[in-house]
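Trainee: Sequence first, predicted coordinates after that:
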Amino acid sequence: MGLVVIADQATKLWAVAYLADKTSVSIIGDFLMFTLVYNEGGAMGTQIGPSAYYLVMALIVLPFVGYYIYRHRYMPAISLPLAFIAGGAVGNLIDRIRLGQVVDFIDVDFFDISIGSFQLDRWWTFNVADSCISCSIVFLLAYMFVQRKGKDHAPKLPADMDSPSPLAG
C-alpha cells in the first residue's frame, strides 16, 4: 500500500512541476500523452457530487478495505489487490485534502465509444492511483469468477488461525 502511495504522489509532483506550462506532451503519438488535469470528480469522469463527497466516501470505505486486507492477509490473491486499492484511495485522498481535487496526467486514447447519446472520443485522463484501483478491481472480479470453490482449494492457514478465538464464547 505504501509503495502505491509513494509512486502516486511522486508522479503527481513530477506532473505538476513538469507539465504545468504545457498543453500536452506526446509520449507515443496521440495514443499516450501526458496532460495535466485537475479532477474534482471521480474515476472515469464521474461527477456524483462535489470533491468533498469523494473525500468522505474514501474515509468511509478505507476502514472496510483495511479490514478485508487483514482478514485475507494469508491470501495474496485477495490481500494484494485490496492493498493496491487502499493505496490508490489514499493517494487520491491526499490530493483531495491538500488541493481539493485530484491531479491526473496520464492521457491514453484506446478507442471511441458511442452508446446512444453517450459519445467518448478520448479516454479519461487518470493517474497512478486510479490505475492501481481500476486494475485491482478488474483482477479481483476475474479472480472471483475463475477461482474454484471447495475445501481442497482453500488456502492453508497458519496453525494459530485454525483454533477458535478465545474471545468466541
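Mentor: Nice, I can see it.

Trainee: now for the longest helix seen in the chain, which elements pack on it?
Mentor: Across the chain, the helix with the greatest residue count (assigned by DSSP state H) is helix 76-99. Secondary-structure packing of helix 76-99 (3 or more Cβ pairs under 8 Å, 6 or more residues apart in numbering; DSSP states H and E): helix 2-19, helix 51-71, strand 102-108, helix 128-146. C-beta: built from backbone N, CA, C; applies to glycine.

Trainee: tell me the angle it makes with helix 128-146.
Mentor: If you take axes from the mean of the first three to the mean of the last three Cα atoms, to 10 degrees, helix 76-99 sits at 150 degrees to helix 128-146.

Trainee: buried set for helix 76-99?
Mentor: Across helix 76-99, burial judged by 16 or more other Cβ atoms under 10 Å covers 78-96.

Trainee: Mind telling me what element W124 is part of?
Mentor: Following DSSP states H and E, there is no helix or strand that holds W124.

Trainee: so what's it up against?
Mentor: Going by Cβ atoms under 8 Å, 6 or more residues apart in numbering, W124 touches 43-45, 104.

Trainee: Narrow the residues you listed to those that are buried.
Mentor: By 16+ other Cβ under 10 Å, the contacts of W124 give 43, 104 as buried.

Trainee: and the contacts of W124 as CSV, adding pLDDT?
Mentor: Formatted as CSV, the contacts of W124 follow (pLDDT from 0 to 100):
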residue, pLDDT
A43, 76
M44, 71
G45, 70
D104, 96
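
Trainee: C132: which of the contacts of W124 is nearest?
Mentor: Using Cβ to Cβ, A43 comes nearest to C132 of the contacts of W124, at 11.3 Å.
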